[in-house]
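Enquirer: sequence and predicted structure below; questions after.
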Amino acid sequence: MANRAGEVVCVTGGSGYIGSWLVRFLLERGYTVHATIKDLNDEKETKHLLALEGAESRLLLFQIDLINYDSIVPAITGAVGVFHLASPCIVDQVKDPENQLLSPAIKGTMNVLTASKELGVKRVVVTTSVSAIIPSPNWPADRVKNEDCWTDIDYCKQKGVRSFLYLLYQNYTFPLSYFHFFFSAWLVFAFPLLLNIAYVVYVFWFLWHLD
């Protein structure tokens, strides 16, 4: 295993279900991790991260607001890589999808990408919604779906799946060689590290363990 001592990586949304596992994975491999969270005073966001092996000496937590560019910069400063996982995740009580979900997701991601570019980050990995790869009604039935199978633009407009579409459009303002990975996770199973997990995870966890 390569020695990553001294190398810094940033994980946005580090306290989340996937983020906490990623932080653990990176610490195990010797990285120093800058993990962003929403509230440094909330033990539900911090306790499980601070308990990870290596956290005492190689984990730094940063409280950020994704739509506030200046709050993001300190977390990314010095990082050779950025894993952008943070995004608004509201299952219910969404009265204004445009401002509660769409705008923060787009602006937040663009802020992270802009800061990464300005600060000389070498690698960026962006996780996005599975809705970014919804099967297109125009995709040939005999053609294998691969990394080129993005949701059809017109289909996005018709169905209202817009945030990642807009994000891709804005990405053309960056050099194409700069974007190394876009990862669209449909469903991820693992033992939860965090203290509070989304209701949908409880449902799948329950179904998984049914006799």
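Expert: Received, thanks.
Enquirer: now for residue 86: which residues touch it?
Expert: Counting by Cβ atoms under 8 Å, 6 or more residues apart in numbering, residue 86 touches 12-13, 16, 19, 36, 64, 66, 108, 112. Bear in mind the C-beta positions are built from the backbone N, C-alpha and C, glycine included.
Enquirer: please repeat the previous calculation with a cut-off of 10 Å.
Expert: Listed by Cβ atoms under 10 Å, 6 or more residues apart in numbering, the contact partners of residue 86 are 11-16, 19, 36-38, 64, 66, 72, 104-105, 108-109, 112, 127.
Enquirer: next secondary structure element downstream of the helix with the most length in the chain?
Expert: In the chain, with assignment by DSSP state H, the single longest helix is helix 103-118. Counting by DSSP states H and E, the next helix or strand C-terminal to helix 103-118 is strand 123-128.
Enquirer: quick one: the helices in this protein?
Expert: 17-28, 43-50, 55-58, 69-76, 97, 103-118, 153-159, 163-171, 199-208.
Enquirer: worst average pLDDT in those helices?
Expert: Lowest mean pLDDT within the helices of the chain: helix 163-171, at a mean of 50.
Enquirer: I figured residue 37 hits residue 47, correct?
Expert: No. Residue 37 lies out of contact with residue 47 (Cβ atoms under 10 Å); the separation is 11.2 Å.
Enquirer: more neighbours: which of those two?
Expert: residue 37 (23 against 12; other Cβ atoms under 10 Å).
Enquirer: name all residues that make contact with the more buried one.
Expert: 11-16, 19, 44-46, 49, 61-64, 75, 86.
Enquirer: please check those residues and keep the buried ones.
Expert: Using 16 or more other Cβ atoms under 10 Å as the burial test, the contacts of residue 37 include 11-16, 19, 45-46, 49, 61-64, 75, 86 as buried.
Enquirer: residue 58 and residue 45: what is the separation?
Expert: 18 Å (Cβ to Cβ, to the nearest Å).
Enquirer: identify the bridge partners of the closest residue to residue 75 other than its chain neighbours.
Expert: Nearest non-adjacent residue to residue 75, counting by Cβ to Cβ, 6 or more residues apart in numbering: residue 62, 3.9 Å away. Beta-bridge partners recorded for residue 62 (DSSP bridges): residue 36.
Enquirer: surely residue 62 meets residue 78?
Expert: No. Checked against Cβ under 10 Å, the pair residue 62 and residue 78 is beyond contact range at 11.8 Å.
Enquirer: who touches both of these two?
Expert: In contact with both residue 62 and residue 78: 10, 34, using Cβ under 10 Å, 6+ apart.
Enquirer: and residue 26, what does it touch?
Expert: Residue 26 makes contacts with 4, 7-11, 14, 32-33, 35, 52, 54, 58-59, 81, 83, as judged by Cβ under 10 Å, 6+ apart.
Enquirer: which of those residues has the weakest pLDDT?
Expert: Ranking the contacts of residue 26 by pLDDT, residue 4 lands last with 68.
Enquirer: overlap in contacts of residue 37 and residue 47?
Expert: residue 15.
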